[in-house]
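J.: give me the fold of what follows.
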Amino acid sequence: MGEVTLIGVDTPKPVFTLHGVDGSGGCVLRRELRRGQVEGFFAGLAPLEVALEACGGSHHWGRRLSALGQRVRLIPPQYVKPYVKRGQENDRRDAAAIAEAAQRPEMSVVAVKSAEAQAGLMLLKVRELLVKQRTQAVNALRGPAAGFGLVAAQGTGKVAALLVAVASDPGVPDAAKALLALLARQIEHLDEQVKALDDQLLALHKGNDLSRLLAGVPGIGPLTAVGPALTVDPAQFRSGRHSAAYLGLTPQQNSTGGKTRLGGISKPGNTRLRTLLVVGASAVIRHAKPGRRQAESPTGAWLLGLLARKPKKLAAVALANKMARIVWASRLRRAGAMMSRGEAYRHRPAPVPVPA
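T.: Modelled structure (predicted):
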């Protein structure tokens, strides 16, 4: 029996399943541990590689095991799935698949997040949830009001005018008015909660040097800048293209026989950050007009040329791809490697063509 060099751990259950392999890839350890036994078990081992699936609790265990001297790798679940034997899942086969995936030489991994980064990410998630609930409440208010012939423009700012119309309309029964007022109070409460979270996010943004640097890129505001500043490790990307591919801003390929066939964007990675980048790119496009300062930069000239040939939505995704590369790419010298080197975004005018 060889010496254990790598252990795959299946973590989501109260009982953790371990699958250890030696240097040749042969199985030399199969064991199940209760949650409270895990740290004691790894504390008694010499430093080795520990692989886990990237999930909600894996970052916690990544930090705990790293503190014990173990080398932790978090592997995305979609990369582990192909290594489950015959597609038959159980805890032992899952642990074996994790160990098998971790042995691949070019396997992508997820960086272990710090507790502070997870707290900041949680702030973004809670805000997103409250905004979604507020939208649902507004729709629940607008729908019944339309049933009584009262229609208002879209947006939370139009709710007050709709409530005034409901209160003054004698055709709306008192029972309906009371229920609509209840929804209005819920919307007001959610508005206050979202505003409080916005204040926390702004304070977090102002207190983070990297987040302030990222906000200097056109189309990136505090809400977009906080996420990558807290949760993304620039060292995991070899180039700007890799960072854009991580966010799903590159086209899916179905190429063979020397023929390149590109489809829509692949959409893996961080959905929230990708959405914010596309929204920010759309805002830039809305103000992209010849003669403005933005149009004088190389990016602005490229964008105007793209808008002349392509639809705005396609241009927004292309610009979001470029924004991701400006932020992360260590090899794009024009805008600086902001996350890698801590450089601020530099607006440069487009080169003036030399007369022939």
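
J.: going by C-alpha atoms from here, please, whenever you check contacts or count neighbours.
T.: OK.

J.: mind listing what the most centrally placed residue in the chain touches?
T.: Nearest residue to the geometric centre of the chain (CA atoms, centre = their mean): residue 270, 2.6 Å. Contacts for residue 270 (CA atoms under 8 Å, 6 or more residues apart in numbering) come out as 246-248.

J.: inside helices: which ones of those residues?
T.: Among the contacts of residue 270, the ones falling in helices (DSSP state H) are residue 246.

J.: which of the contacts of residue 270 ranks first by neighbour count?
T.: residue 247 (23 neighbours; other CA atoms under 10 Å).

J.: pretty sure that one sits against residue 269.
T.: Yes. Assessed by CA atoms under 8 Å, residue 247 is found in contact with residue 269 at 4.8 Å.

J.: from residue 111, how far off is residue 198?
T.: Going from residue 198 to residue 111 by CA to CA, to the nearest Å gives 27 Å.

J.: could you do residue 303 as well?
T.: From residue 303 to residue 111 the distance is 33 Å (CA to CA).

J.: one more: residue 61?
T.: Where residue 111 is concerned, residue 61 sits at a distance of 13 Å (CA to CA).

J.: could you do residue 316 as well?
T.: 28 Å.

J.: kindly report the same for residue 247.
T.: Distance from residue 247 to residue 111, by CA to CA: 15 Å.

J.: quick one: secondary structure of residue 149?
T.: Look at residue 149: counting by DSSP: H, G, I helix; E, B strand; the rest coil, its state is coil.

J.: pLDDT value on it, please?
T.: pLDDT for residue 149: 88.

J.: same thing with residue 334?
T.: 36.

J.: hey, where'd the helices end up in the stretch 251-356 of the chain?
T.: Taking DSSP state H, counting those that start in this stretch to define them, one finds helices in the stretch 251-356 of the chain at 271-286, 298-309, 312-328, 338-341.

J.: nearest to residue 210, out of those?
T.: Closest approach to residue 210 among the helices of the stretch 251-356 of the chain is made by helix 338-341 (7.1 Å; CA to CA).

J.: quick check: mean pLDDT of the closest one?
T.: 59.

J.: again with stretch 316-323
T.: For stretch 316-323, the per-residue pLDDT averages 90.

J.: same check on stretch 98-106?
T.: Here the average pLDDT along stretch 98-106 is 92.

J.: next, the buried residues of it.
T.: 98-102 (16 or more other CA atoms under 10 Å).

J.: for stretch 194-202, same thing?
T.: So for stretch 194-202, counting by 16+ other CA under 10 Å, buried means 194, 197-198, 201.

J.: contacts only, for the spatially closest residue to residue 23 that is not a sequence neighbour.
T.: Take residue 23 and drop its neighbours on the chain: the residue closest to it by CA to CA, 6 or more residues apart in numbering is residue 5, 6.0 Å away. By CA under 8 Å, 6+ apart, the residues touching residue 5 are 20-23, 48-49.

J.: contact partners of stretch 10-21?
T.: With CA under 8 Å, 6+ apart as the criterion, stretch 10-21 contacts 3-9, 27-35, 38, 52-53, 57-58, 91-92, 94-96, 98-99.

J.: then it to CSV, C-alphas only?
T.: What follows is stretch 10-21, C-alpha atoms only, in CSV (Å, rounded to 0.1, in the frame of the first residue of the first chain):
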residue,chain,number,x,y,z
ASP,A,10,-17.6,14.4,-0.2
THR,A,11,-18.8,17.0,2.3
PRO,A,12,-22.6,17.8,2.1
LYS,A,13,-23.8,15.1,4.5
PRO,A,14,-23.5,14.8,8.3
VAL,A,15,-21.1,11.9,7.5
PHE,A,16,-18.1,12.9,5.3
THR,A,17,-16.7,10.3,2.9
LEU,A,18,-13.0,10.2,2.2
HIS,A,19,-11.2,8.6,-0.8
GLY,A,20,-7.4,8.7,-0.6
VAL,A,21,-5.0,7.8,-3.5
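
J.: kind regards, and thank you for your time.
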